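Enquirer: Pasted the sequence and its predicted model underneath.
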Amino acid sequence: CSLLTGCLLTAPLLNTLALHDSSSPLVQCALQGYEIPSLGASGSIMAICAVNALLFPRDKVFFSRFFVPVPFAVLAYITSDVLGLLRVANPIFNSQSHDDHLLEVDNVAHGGHLGGFLAGILYVSICILFP
């Protein structure tokens, strides 16, 4: 198994599924022709972070002026992405008052990050722990 190849292929797919299934306003925007471009390797980087957190949980990284264990840093990013995905997908969490600006909350592919994280967990589960 190639970690990078698997993550590069899985993260965009899971991002698309997250955007498609998240809520009816977002699906309506997609069906009406709004485009949601997604470019970057951040989902793959999240997959590598997940692999690192699972295989080396005692490692520490520099995170917001402190050295913290890798699992805590990854948990902070995952929490941020879940909240970001909720804010984009659900008008209740959205601070914008107009439906036209529903998708302009931020410019981050939260679904891609979460998809990459799941791809990293799957990689460790399938290719390393149970080969």
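Expert: Okay, I see it. Not measured: the values here are computed from a predicted model.
Enquirer: And the helices in the protein?
Expert: Secondary structure of the chain (DSSP state H): helices located at 3-21, 24-31, 42-55, 70-89, 110-123.
Enquirer: Compare the mean pLDDT across those helices and name the weakest.
Expert: Mean pLDDT across the helices of the chain is lowest at helix 24-31; the value there is a mean of 51.
Enquirer: Roughly how far does L114 sit from F72?
Expert: Going from L114 to F72 by Cβ to Cβ, to the nearest Å gives 18 Å. Every residue, glycine included, has its C-beta placed from N, CA and C.
Enquirer: the more surrounded of those two?
Expert: When L114 and F72 are compared for neighbours, L114 comes out ahead with 22 against 14, by other Cβ atoms under 10 Å.
Enquirer: Just give me the neighbour total for the nearest residue to the more buried one once chain neighbours are set aside.
Expert: Sequence neighbours aside, D81 is the residue nearest to L114 in space, at 5.3 Å (criterion: Cβ to Cβ, 6 or more residues apart in numbering). Number of residues near D81 (other Cβ under 10 Å) recorded here: 23.
Enquirer: What of P57?
Expert: 12.
Enquirer: for A50, same thing?
Expert: With other Cβ under 10 Å as criterion, A50 counts 25.
Enquirer: wait, doesn't L114 sit right on L85?
Expert: Yes. The pair L114 and L85 passes the contact test of Cβ atoms under 8 Å, sitting 6.8 Å apart.
Enquirer: Distance check, S125 against C49.
Expert: Using Cβ to Cβ, S125 is found at 16 Å from C49.
Enquirer: Which of these two has more residues huddled nearby?
Expert: For S125 and C49, the more surrounded residue by other Cβ under 10 Å is C49, and the numbers stand at 21 against 11.
Enquirer: quick one, what contacts the more buried one?
Expert: For C49, the contact set (Cβ atoms under 8 Å, 6 or more residues apart in numbering) comprises V70, A73, V74, Y77, F117, G120.
Enquirer: what's the distance between it and N107?
Expert: 20 Å.
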